[in-house]
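Novice: make a model of this:
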Amino acid sequence: MKVLIIGGGGREHALAYKIAQSKKVNALYCAPGNAGIEEYAVSVPIGVMEFDRLADFAVKEGIDLTVVGPDDPLVGGIVDVFLERGLRVFGPKKDAAIIEGSKAFSKELMKKYNIPAAASETFHTAKAAYSYLETCPYPVVLKADGLALGKGVLICNTPEEAQNGVKLIMEDKQFGHAGDVLVIEEFMTGREVSILAFCDGTDIAVMTSAQDHKRALDGDQGLNTGGMGTFSPSPFYTEEINSYCMEHIYKPTMAAMKKEGRSFTGILFVGLMLTQEGPKVLEYNARFGDPETQVVLPRLKNDIVEVFESCIDGRLSDIKLEFEDNAAVCVVLASKGYPLSYEKGYIIEGLDKAKEKDGVFVFHAGTRKENGNTVTAGGRVLGVTATGSTLKEARENAYKAAERVSFSNKYNRSDIGKAIDEIV
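Specialist: Numbering: from 1, shown residues only. I've put the predicted structure just below:
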């Protein structure tokens, strides 16, 4: 069968790697792709928001299955466009992708169906938000309602910080129209865990756990980013916690979306906080996480195309997910200055050398081909991922591989998974 991946980042490279392993697939395309994805797929120069052009390509090439990676096209309704053209596509429709597209919607959903989450209030004007901040307890978390590349979240310790945050989001429009509506929620403490799950509209199959490092600098300092590295599994996400979440969070979320007339088929990403009161939802996403995908998919034993098809056909209950009994760590190599301003176009060296050891993957995020060279083309450039029998071994393998890659202005955190591997 012919498969098309929509997207061009590290998540899509990891998807291409996994889909290419399927015995069902004999041709793989990626739009727009990147320099690394070309190892597995033919790059198609069409942007992720060019829905009609993408659908035209799928029809013309006889694509049997399209897998959508990023949030923007999902929230924008690409799945609806493909379905209207009679094409098989994996991902939630627009009315279901709102679970990520609007934090206000997801917070109201959790309140309505008693799904454990941080207490929150939603505001449509800056004036109302400022008034609330005068009496609320601190610290608080400010969240732009819409999509903001994973950066529209501010943790504020004082009223002054919070007021500045409201101005930044709602008045200065730092995140554009994503900040037209603002969610203010209580600050929760505990261990963060990322859970990706396959969904078929009724049933949900949870993948192995992961943990992201969102802050730009070591020690979880600096600005929020799209993610500076991940590890899998989380030693804190036990079978007992999984059972609790299945009963109180995962299944109720699926049932709630179905009851709201927004049946969810695709990948549900649940960001959890393991608080003293029990697990609570930090956020929902409607797609594979980035860079969580880079540590979860290399550990997946199943033929991922078979799982995609079971979701589309409403028979996910027939699938039993299996994962390797190992660990994986992803270290993101970024351009210095990310997530703010940074320079592009630097030649990347050492890519082949980094992959010499078995169990090492170099997933491209912001790269392109230029005059026969692979050059930097984004803030997050590469996700160097390695497996190991333990988290500590996987971390050592990932950092050794990362050291073999070089480019001007290269930057990475040095502590991905460090605090955890010292514990376990």
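Novice: show residues contacting stretch 80-97.
Specialist: With contact meaning CB atoms under 8 Å, 6 or more residues apart in numbering, stretch 80-97 is reached by 51-52, 54-55, 58-59, 63-68, 71, 74-79, 99, 257, 261-267, 286-287, 308, 311-312. (Glycine included, C-beta is placed from N, CA and C.)
Novice: swap in 6 Å and give it another go.
Specialist: By CB atoms under 6 Å, 6 or more residues apart in numbering, the surrounding residues in contact with stretch 80-97 are 51, 55, 58, 65-68, 74-75, 77, 79, 262, 264-266, 286, 308.
Novice: confirm for me that V360 is in contact with A386.
Specialist: Yes. Contact criterion CB atoms under 6 Å: V360 and A386 qualify, at 4.7 Å.
Novice: give me the more crowded residue out of those two.
Specialist: Comparing V360 with A386 by other CB atoms under 10 Å, the one with more neighbours is A386, at 29 against 20.
Novice: bridged to that one, which residues?
Specialist: V329, V360 (DSSP bridges).
Novice: before we move on, the earlier item: please narrow the contacts of stretch 80-97 to those residing in helices.
Specialist: 51, 55, 58, 74-75, 79, 308 (DSSP state H).
Novice: K2: which of those residues is nearest?
Specialist: Nearest to K2 among these is A58, at 8.8 Å by CB to CB.
Novice: okay, that closest one: pLDDT?
Specialist: Listed pLDDT for A58 reads 98.
Novice: can you tell me the closest non-neighbouring residue to it?
Specialist: Nearest non-adjacent residue to A58, counting by CB to CB, 6 or more residues apart in numbering: L87, 5.3 Å away.
Novice: same check, this time on P139
Specialist: Leaving aside its sequence neighbours, P139 sits nearest to F187 (CB to CB, 6+ apart; 4.1 Å).
Novice: for the one you found, what are its contacts?
Specialist: Residues in contact with F187, defined by CB under 6 Å, 6+ apart, are 139-141.
Novice: next one: N302
Specialist: Listed by CB under 6 Å, 6+ apart, the contact partners of N302 are 321-322.
Novice: quick one, phi/psi of it?
Specialist: Dihedral pair for N302: phi -70, psi 160, per degrees, to the nearest 10.
Novice: and for Y132?
Specialist: Backbone torsions of Y132, given as degrees, to the nearest 10, read phi -60, psi -40.
Novice: relative to L217, how far out is it?
Specialist: Distance of Y132 to L217, given as CB to CB, to the nearest Å: 30 Å.
Novice: if we can go back for a sec, okay if I get the ones in helices among the contacts of stretch 80-97 as a markdown table plus distance to E192 and neighbour count?
Specialist: Output for those, formatted as a markdown table (distance: CB to CB, whole Å; neighbours: other CB atoms under 10 Å):
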| residue | distance to E192 | neighbour count |
| --- | --- | --- |
| F51 | 34 | 20 |
| A55 | 37 | 21 |
| A58 | 37 | 25 |
| L74 | 23 | 28 |
| V75 | 23 | 21 |
| V79 | 29 | 27 |
| F308 | 27 | 24 |
